[in-house]
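Visitor: Predicted model and sequence below, questions to follow.
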Amino acid sequence: MTRPLVLRSLRIVDPSRNLDETGTIIVGSDGRILAAGSDAQNQGAPDGAFVKDCAGLTAVPGLVDARVFVGEPGSEHRETIESASRAAAAGGVTTFIAMPDTDPVIDEIALVEFVQKTARDKALVNIHPAAALTKGLLGEEMTEIGLLRDAGAVCFTNGRQPVHDTLVLRRAMTYAREFGAVVALEARDKYLGANGVMNEGLLASWLGLPGVPREAEIIPLERDLRIAGLTKAACHAAQISVPESADAVRVARERGTNVTCGISINHLTLNENDIGEYRTFFKLSPPLRGEDDRVAMAEALADGTIDIIVSSHDPQDVDTKRLPFSDAADGAIGLETLAAAALRLYHSGQVPLMRLIDAMSTRPAAIFGLEAGTLKPGAKADITVLDLEEPWVLYEKALVSRSKNTPFENARFTGRVVQTYVAGKLVHSA
């Protein structure tokens, strides 16, 4: 039981109800929302409630991040479940899905239960495990999808690794369909651009770096979409980066394929020019694309072709990042900067705030069947409070994550998370 909470005089943006109005949020002692909206303005506060005036602030459903890599078990020096949860709280993320790319891989019931128990005992936010689609992420033999789903896995994925064997993929997706499970896939060709380290194009040539062509994403994505159509499974393209991929998703939906897709915040707010003089914190997979690609992907997000935004939080330490560009590991942390970076799209007029919050909260909750993404009465009071206009600069020393490989170091933002509540409990305050 928590102390009742009343947040007064704030703007409430709730995509689950298409609601955008000034009002009050009232949270009961059970951590659930009693009322949220303008109609709650004149309601009395529950006995013993903590009442806070939030004039000038905006409340949205707690953010939901569907792609987070956590080092535990196996690489706790990069990130633990506890440290990832603190980073999430600082970034307004109240729920996230932990990828199975650990050591050992999350491909057995005991390991799903380990993630759940550790999260219950140590985490500030809600953490749900994704289970491996194939054993050891090797793409050779599918896991026990039904048993893993019953144990609490919310989706099945090979994480960073594509499934190259189409027969294995067909069988796995067929089983996933029978259990009503979502299959999240990485679209990356095994051979095409295998040695590439950045977007193929003129800039890569100038830098003397091998490139990754966009076809290395498009071709396997179109294959995955065809198999999803064949099996009638729920397929989620984990992160796409080029307009042709968005077009492929549109066409697949017209064929009746049950497909959703995501994009990392990095590919919506950064481009290949940010790599500059071989800055390895910008070495990602898929690689950062051109500015025209970034703009087109923002448009695809705005029109709903792209369903969700993910942080693709991928902690790497000094030993794997401070190397020559071609040798450095892919990946960047992103939990703490997800909201602030996304607000760049709002302030630039590229994506309306309602669609932005929908993509970071309501829609991912719906895709993966999570109790989140809404501020409607009766829902769990997972709330992110934003100051949409506050200017600030991100400094490395302020990062909560154990790893510091952010592409936004010293970046200037407008808008930040000022409070994060999980089940009505304050877990972060700026």
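Guide: Happy to help now that I have it.

Visitor: any idea how far the spatially most central residue of the chain is from residue 152?
Guide: Averaging the C-alpha coordinates of the chain gives a centre point, and the residue nearest to it by Cα atoms, centre = their mean is residue 310 (2.5 Å). With distances defined as Cβ to Cβ, to the nearest Å, the gap from residue 310 to residue 152 amounts to 20 Å. Where you see a C-beta, it was placed from the backbone N, CA and C, and this is true even at glycine.

Visitor: Could you do residue 43 as well?
Guide: When distances are taken as Cβ to Cβ, residue 43 and residue 152 turn out to be 37 Å apart.

Visitor: Could you export the lowest-mean-pLDDT helix or strand in the chain as CSV, CA atoms only?
Guide: Of all regular secondary-structure elements in the chain, judged by mean pLDDT, DSSP states H and E, the least confident is helix 318-321 with a mean of 91. Taking C-alpha atoms only, helix 318-321 is exported to CSV below (Å, rounded to 0.1, in the frame of the first residue of the first chain):
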residue,chain,number,x,y,z
VAL,A,318,35.5,1.2,-22.4
ASP,A,319,37.2,-2.0,-23.5
THR,A,320,34.6,-2.5,-26.3
LYS,A,321,34.0,1.1,-27.4
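
Visitor: what about residue 414, which SS state?
Guide: The three-state label given to residue 414 by DSSP: H, G, I helix; E, B strand; the rest coil is strand.

Visitor: What does the residue nearest to the centre of the chain show for phi and psi?
Guide: Listed backbone geometry of residue 310 is phi -120, psi 160, with angles given as degrees, to the nearest 10.

Visitor: hang on, isn't it packed against residue 261?
Guide: No: distance between residue 310 and residue 261: 10.4 Å, which falls outside the contact criterion (Cβ atoms under 8 Å).

Visitor: list residues touching both of these two?
Guide: Taking Cβ atoms under 8 Å, 6 or more residues apart in numbering as the contact criterion, the common neighbours of residue 310 and residue 261 are residue 238.

Visitor: chain center to the least confident helix or strand of the chain, what's the gap?
Guide: Between the centre of helix 318-321 and the centre of its chain there are 23 Å (Cα atoms, centre = their mean, to the nearest Å).

Visitor: Show me what it is in contact with.
Guide: Counting by Cβ under 8 Å, 6+ apart, the neighbours of helix 318-321 from elsewhere in the structure are 280-281, 328-329, 405.

Visitor: What is the subsequent helix or strand relative to it?
Guide: Scanning the chain past helix 318-321 towards its C-terminal end, the next helix or strand to appear is helix 338-347 (assignment: DSSP states H and E).
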